[in-house]
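K.L.:
Okay, structure incoming, though there's no sequence with it:
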C-alpha cells in the first residue's frame, strides 16, 4: 500500500508534527506570560478544546493558532516579554500577533485580542475581561459562559463550529440562550434548533 508523502516525509508524520508545533507555541506563550506576570486568558480553539475535553476527549478538535486575551494596559509588557525571547511583533489586518520568525505565516502566530475592544465594527459587544478566569491544562482561560459569549459575539464559521462542538458534548443546552442578550441568544438558539445547518 502506497504512503502519501510530501517532500519525502510521510504525511501523517507531517500532520502530527504540525499539531505538536501549535501545542508547543501555546506552552511557550503561557510560560512567557506567567514568568513576566502578564495577566491573560487563553481563548479561541485551545480554550474550546480544554472545555470539550472535560466532557468527551474524543470530540476534541485540533486548532492551528494560539489566541490570548489581555488588557490594553498590559499590551506593552506582553510585547516586551514576547520580543525578549525572540518573537516578532506584527499587525496584519488590524490584528496584533507575534510570530517566531519574520517570514512566518499569520496562521503560525500568537494572536492577541484586547479586553474591552470590538474585534469587528459589527460585533454586538466588546470583549470581556480576563477575570474571572478558570485554569485548564496548566493555562488560564475564561469561564465557559464567557467563552460561549465571545464565540456568539464573533460568530464566524469557526466560532459556530466551536459552539456546535460544545453543544454536541452537552456543555451547552436549551437553557443557555436566555443567559445572553437577545441577538446572541438568538444565534445560539439557531444552532441548537438546527445543528446540521
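P.N.:
Done, it's in. A quick note: this is a predicted structure, and the numbers were derived from the prediction, not measured.

K.L.:
For the residue nearest to residue 129 when sequence neighbours are not counted, list the residues it contacts.
P.N.:
Nearest non-adjacent residue to residue 129, counting by CB to CB, 6 or more residues apart in numbering: residue 115, 5.3 Å away. For glycine as for every other residue, the C-beta is placed from the backbone atoms N, C-alpha and C. Applying CB atoms under 8 Å, 6 or more residues apart in numbering, we find residue 115 in contact with 69-72, 127-130.

K.L.:
Which members of those are the farthest-apart pair?
P.N.:
72 and 128 (13.5 Å; CB to CB).

K.L.:
Of those two, which one has the most company?
P.N.:
residue 128 (20 against 10; other CB atoms under 10 Å).

K.L.:
check which helix or strand covers the more buried one.
P.N.:
Counting by DSSP states H and E, there is no helix or strand that carries residue 128.

K.L.:
wait, what's in contact with it?
P.N.:
Contacts of residue 128 by CB under 8 Å, 6+ apart are 69, 115, 142, 146, 149-150.

K.L.:
same check, this time on residue 181
P.N.:
124-125.

K.L.:
Let me see the backbone angles for the most centrally placed residue in the chain.
P.N.:
For the chain, the residue nearest the mean C-alpha position is residue 44 (1.5 Å; CA atoms, centre = their mean). Residue 44 adopts backbone torsions of phi 70, psi -150, taken as degrees, to the nearest 10.

K.L.:
Not including adjacent chain positions, what is the nearest residue to it?
P.N.:
residue 67 (3.1 Å).

K.L.:
Let me see the confidence value for that neighbour.
P.N.:
We have a pLDDT of 97 for residue 67.

K.L.:
go on, residue 35?
P.N.:
pLDDT, residue 35: 97.

K.L.:
Give me the three-state assignment for it.
P.N.:
What DSSP: H, G, I helix; E, B strand; the rest coil gives for residue 35 is helix.

K.L.:
ok, for it, nearest residue in space, not its chain neighbours?
P.N.:
On the basis of CB to CB, 6+ apart, the spatially nearest residue to residue 35 that is not a chain neighbour turns out to be residue 81, at 7.5 Å.

K.L.:
from the contacts of residue 128, which is closest to residue 193?
P.N.:
Among the contacts of residue 128, and counting by CB to CB, the member closest to residue 193 is residue 149, at 19.1 Å.

K.L.:
Show me which positions of the strand or helix carrying residue 12 end up buried.
P.N.:
Here residue 12, judged by DSSP H and E, is contained in helix 11-36. Buried residues in helix 11-36, counted by 16 or more other CB atoms under 10 Å: 22, 25-26, 28-30, 32-33, 36.

K.L.:
Right, I'll call it a day here.
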